[in-house]
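Novice: generate a structure from the sequence data that follows.
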Amino acid sequence: MELIGSGFLARHLRPLAGAHPGATVLAAGVPRHPLPDSAHTREHRLVSETIQRCLDRDQQLVFFSTVSMYGAPGCRGREDEPVVPALRYGQHKLDLETLVRDSGVRHLILRLGYVLGPGEPEYRLLSVLVRQLRAGQVTVQQGARRDMLHVDEFVAVLDLLLRARITDETVNVASGDCAEITDILDHLERRLGTAAERRTAGHTVSHCPSVAKLHRLVPEVSGLGFRSGYFRTAIDRYLAASPQGLDCPVGHTP
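Specialist: Residues are numbered from 1 along each chain as shown. Down below sits the predicted model:
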């Protein structure tokens, strides 16, 4: 497959570069919220150019979107239901999804949960939480939940979807274990051997995706270890491979 990008996800996808010759994976673009409109404009241009490239070469475009467009009242996190993004980032990605679908290119749109793992940028959630916990104070938004997916399982899921030749579909790629931020903090504190003051900073929406469609399209994902409490295993693996976590007593979670 052709891999566009050089960031966190692109680096972990490199082992698949020799597989799936009919796919172009766009692993580049706006990485977070908030960023200026100029960054959104650049990504729109990049997606448009990649669409045309795929049309010219009869390639399938794999586009990475986000589950952060979920969270409106009544939203069940399903790919086949209307969404009303609460964040500018979610709306931006939803607009790009429409651009991809309307172009006529063969595509696979993946709405990603929080993919974590070694080498992730320092501004990502777990890196920030670890630094705050070590400093003795952490800021928590009420109602926050995250579906965490270790990057190894992310790569495995993408490989399965492409091997199954899934096309012209929008699919949530997540573990299905959408954890409360307080549970995530509790586990990090146990692993780091620390306790920090928790400050509340308002209320936020939860971006919990349904994984029913993913399991229907590629039932093999059931063998990847997704179950209740998976987020703890994913965090342990992150800490074991992270410079911030080298001194963490990572082991069995009771």
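Novice: list the contacts of Leu158.
Specialist: Leu13, Leu16, Val25, Val62, Leu110, Val173 (CB atoms under 8 Å, 6 or more residues apart in numbering). (Each C-beta comes from the backbone N, C-alpha and C, glycine too.)
Novice: same question for Thr139.
Specialist: Residues Gln132, Arg198, Arg199, Thr200, Ala201 are the ones in contact with Thr139 under the rule CB under 8 Å, 6+ apart.
Novice: which of those count as buried?
Specialist: Gln132 (16 or more other CB atoms under 10 Å).
Novice: would you map the helices across the stretch 1-150 of the chain?
Specialist: 8-13, 37-57, 88-103, 125-135 (DSSP state H, counting those that start in this stretch).
Novice: next one: the stretch 151-254 of the chain
Specialist: 151-163, 181-192, 212-217, 230-241.
Novice: and those helices: which comes nearest Arg101?
Specialist: Among the helices of the stretch 151-254 of the chain, the nearest to Arg101 by CB to CB is helix 212-217 (16.1 Å).
Novice: which strands and helices lie in contact with the closest one?
Specialist: The contact analysis (3 or more CB pairs under 8 Å, 6 or more residues apart in numbering; DSSP states H and E) places helix 212-217 against strand 169-173.
Novice: could you give me the average pLDDT of the strand it packs on?
Specialist: Strand 169-173 comes out with an average pLDDT of 98.
Novice: what of stretch 201-215?
Specialist: Computed over stretch 201-215, the average pLDDT equals 85.
Novice: count of residues packed around Val128?
Specialist: Applying the criterion other CB atoms under 10 Å, we find 13 residues in the vicinity of Val128.
Novice: from Ala39, how far off is it?
Specialist: From Val128 across to Ala39, the span is 20 Å (CB to CB, to the nearest Å).
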